[in-house]
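> below are the sequence and a predicted model; questions follow.
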Amino acid sequence: MPKDVTFQNRGVRIAAHLYLPNTFQEDRKYPALVGIHPAGGVKEQTIGLYAQQLAAHDFVVLVYDSSYQGASGGEPRLLEDPTTRVEDARCAADFLTTQSFVDTERMGVFGVCAGGGYALAVAQTERRFKAVAGVSATPMGEAARRFFGNPIPRAEQIKSLEAAASVRTATANGADPVYIPFVPERLEDINDSTPTMLREGYDYYRTPRGQHPNSKGRFLMTSMDKMLAFSTFQLLPTLLTQPLLLIAGSEADTKIYSDEAHALSEGPKELFVVKDATHIALYDKPEYYNLDKQTMATTRLRVETHISHGIAQDMVSSLIVGSQAAVLVDVPLTIPQAKELVPWIRSNANVPLVAIFATHFHPDHYLAAHIILESFPGADLYATEKTVALINNIIEGKTAFWKSALGDANIANSPTIPKTFPSTFFSLPGDEIVHLLGPVNGDSPEQTMFWIPSIKTLIAGDVVYGHGMHMWLADLDDPSMTEAWLSSLRLIESLGAERIIPGHALSDQQSFKGSQDTEHTRAYVSFFQKEIESKPKDTFRPEEITAKFDQAFPQLADTEEGSTSELLLQINAQHFGRGGQRQMHDVDLVALQKSYNASWDFSKN
């Protein structure tokens, strides 16, 4: 059962229902949704049905009666004011941010019918909403001017405005309010020319099927001026950048609005058409509105990211979450930061963690994996054959080095060696395939990238660095390795990924929208290739290399002293600079790189 709660919109008391996950725990953080009801509806009707289902999927859901309607306050009653409806949703977001169990970085908004239109409208300017969805979405302003897509003549629109003005004057002088029904009020008002949505609307709102005493199914005539002046679509192409999901029935009178919104949106988007469903059928017909049934074959994986700062070298961990299981890609270097990762995993995945992957052999991507394995005993640690071989070669020396550098308490005594993962892909139960692309070159020669084509997301490992950072170049001891890294970036470009998650990034760069980080990596590696690597050995002193990079990448010069980014620059300068302290490798990476291509070396024949 939902909890009765209230919040305020500019002095108007809003009555709401708060739905909590079935397995709710007060100390967890949950994604949260604001649900907006149809015009003429209330929170106890269709929007409540969707809220129940979403709560069963581990969402916190807040649905409410809009200002002037249902159990909420405000005068005049039954005013349908789009601007106020949008503000209601903002105030609902305010309320959610006050709840300790809500993850305020994962809030979304959805609505049914007019509520879907208002959800699209508020998301354009309310950036706390990270995603938006509409079911049978109907933009009230556009519908008032184009009923089911058919333009209403200008003269009729003016006539409606004049009628609203006349009624407003009469009401101000003591006359009774005048109302317009959203759906027919009597069965005899329905005839052969009545649109399907209105015919079925009568059945839903005026019969025991869906009627509720607080749902009057009509609005003040003086609302017309506000509806005619409102637009959901005007700025949608410019301002709606959040992921958009539109759900419409194939037989819905209003599908035209979902088609239009989908065409106008320039951000991530999906139009899910429910076969044979009408507009009203999506309100409550189990065969159509049931989320589990509709999404069984179309489950979309999602990827959450976490940056471990400080001595973990701003390393990015990625959590691939499916409908029944989850996979973690890359674990921090140190024990304390791996421990920080445990509650983050639990708060972002309500399904079992079944696997952990290391993208490559550098210890800052797996060394503290035992902490995660102890917390999630059903998971195993994996890497590709080449990465496992390299880890076996370097693990003893690297463990000793990091213990001496960071102390015994921070580094595992006997780090877990990954098992070899034998396949080039995996699929979590009931979900789409995740492809393992590799080995490819990045800051090491055997990187594995994880490509999820269904959501156009690439977990790039250390093939890509965040655009605010210097990079590890000290493994590039042969020009072929540098050129191969640039080739890997061209491969990434060919994928058409919309989201590219780097192996290292600063904590304020969580969006990872793709090209900026990739272009930064390309520019940085190309600069090294042209200005440092192509010159005779020992051409520059370490401080000269540092100065050259600072001049070429001034945006990185403000990096905090002692940061990972600054440390990487100093290591590179020492490694390639005359008289500098070169990095000692536990394995000959140049020979390894050449061995990968040995079968193509025709000079041996």
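Noted; the coordinates are in hand.

> residue 423 should be in a helix, yeah?
No. Counting by DSSP: H, G, I helix; E, B strand; the rest coil, residue 423 is located in no helix; its state is coil.

> list the contacts for it?
Listed by CB atoms under 8 Å, 6 or more residues apart in numbering, the contact set of residue 423 reads residue 436. Backbone N, C-alpha and C define where each C-beta goes, glycine included.

> and residue 518, what does it touch?
464, 489, 492, 493, 500.

> pull the most distant pair out of those.
The largest separation in these, counting by CB to CB, is between 464 and 493 at 11.0 Å.

> neighbour count winner among those two?
residue 464 (32 against 15; other CB atoms under 10 Å).

> so that one sits in a helix?
No. Under three-state DSSP, residue 464 sits outside any helix and is assigned strand.

> distance of it from residue 515?
10 Å (CB to CB, to the nearest Å).

> one more: residue 12?
Here residue 12 is placed at a distance of 45 Å from residue 515 (CB to CB).

> neighbour count: those two, which is higher?
Using other CB under 10 Å, the more surrounded residue of residue 12 and residue 515 is residue 12, with 18 against 14.

> pretty sure that one sits against residue 71.
No. Assessed by CB atoms under 8 Å, residue 12 is found out of contact with residue 71, at 11.9 Å.

> give me the buried positions along stretch 178-193.
Across stretch 178-193, burial judged by 16 or more other CB atoms under 10 Å covers 178, 179, 180, 181, 182, 183, 184.

> so which of those comes closest to residue 577?
residue 182 (74.7 Å).

> quick one, what contacts the closest residue to the closest one other than its chain neighbours?
Nearest non-adjacent residue to residue 182, counting by CB to CB, 6 or more residues apart in numbering: residue 40, 3.9 Å away. Residue 40 makes contact with 182, 183, 205, 215, 216, 217, 218, 219 under the criterion CB under 8 Å, 6+ apart.

> now, those that are in helices?
Using DSSP state H, residue 205 are the members of the contacts of residue 40 that sit in helices.

> for the contacts of residue 40, which two are the farthest from each other?
Taking CB to CB as the measure, the contacts of residue 40 span a maximum distance of 12.7 Å, between 205 and 219.

> quick one: the helices in the stretch 1-150 of the chain?
Secondary structure of the stretch 1-150 of the chain by DSSP state H, counting those that start in this stretch: the helices cover 46-56, 82-97, 114-123, 140-145.

> and the last one, how far out from the chain's middle?
In terms of CA atoms, centre = their mean, to the nearest Å, the centre of helix 140-145 is set 30 Å apart from its chain centre.

> do the same with stretch 57-75
For stretch 57-75, the distance to the chain centre is 25 Å (CA atoms, centre = their mean).

> over to stretch 205-221?
Distance, centroid of stretch 205-221 to centroid of chain: 36 Å (CA atoms, centre = their mean).

> show me what counts as buried in it.
Counting neighbours by 16+ other CB under 10 Å, one finds that the buried residues in stretch 205-221 are 205, 206, 210, 214, 215, 216, 217, 218, 219, 220, 221.

> which residues are in contact with residue 503?
315-316, 330, 359, 365, 442-443, 460-465.

> these into a markdown table, with extra columns for distance to residue 93 and pLDDT?
Putting the contacts of residue 503 into a markdown table (distance: CB to CB, whole Å; pLDDT from 0 to 100) gives the following:
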| residue | distance to residue 93 | pLDDT |
| --- | --- | --- |
| 315 | 32 | 90 |
| 316 | 28 | 94 |
| 330 | 33 | 97 |
| 359 | 36 | 98 |
| 365 | 36 | 94 |
| 442 | 39 | 96 |
| 443 | 41 | 94 |
| 460 | 33 | 97 |
| 461 | 35 | 97 |
| 462 | 37 | 97 |
| 463 | 37 | 98 |
| 464 | 33 | 96 |
| 465 | 34 | 94 |
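
> contact partners for residue 365?
Residue 365 makes contacts with 315, 330, 331, 333, 358, 359, 461, 462, 503, as judged by CB under 8 Å, 6+ apart.

> per-domain residue ranges of this structure.
3-143+228-295, 152-222, 302-596 (automatic domain parsing).

> just flag whichever of those domains has the lowest average confidence.
Of all the domains of the chain, mean pLDDT reaches its minimum on domain 302-596 (a mean of 89).

> centre of the chain to that one, how far?
Going by CA atoms, centre = their mean, where domain 302-596 is centred and where its chain is centred differ by 22 Å.

> just stretch 272-292 next, same as before
Worked out by CA atoms, centre = their mean, stretch 272-292 lies 25 Å from the chain centre.

> list the buried residues in it.
For stretch 272-292, the neighbour count (16+ other CB under 10 Å) marks 274, 277, 278, 279, 280, 281, 282, 283, 285, 288, 289 as buried.

> before we move on, what about stretch 260-276?
Applying 16+ other CB under 10 Å to stretch 260-276 flags 260, 261, 262, 264, 265, 268, 269, 271, 274 as buried.

> tell me which element the third one is part of?
Per DSSP states H and E, residue 262 falls inside helix 255-264.

> which other helices and strands contact that helix?
helix 140-145, helix 236-239, strand 244-249, strand 269-274 (3 or more CB pairs under 8 Å, 6 or more residues apart in numbering; DSSP states H and E).

> in CSV: the helices of the stretch 1-150 of the chain, plus distance to residue 433.
CSV is the format used below for the helices of the stretch 1-150 of the chain (distance: least, CB to CB, whole Å):
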stretch, distance to residue 433
helix 46-56, 27
helix 82-97, 35
helix 114-123, 31
helix 140-145, 39
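
> can you say which of the ones you listed is packed in most?
Of all the helices of the stretch 1-150 of the chain, helix 114-123 has the most neighbours on average by mean count of other CB atoms under 10 Å, namely a mean of 29.

> how far is that one from where the chain is centred?
Counting by CA atoms, centre = their mean, helix 114-123 comes out at 19 Å from the chain centroid.

> name the helices or strands packed onto it?
strand 30-36, helix 82-97, strand 102-112, strand 129-135, helix 140-145, strand 244-249.
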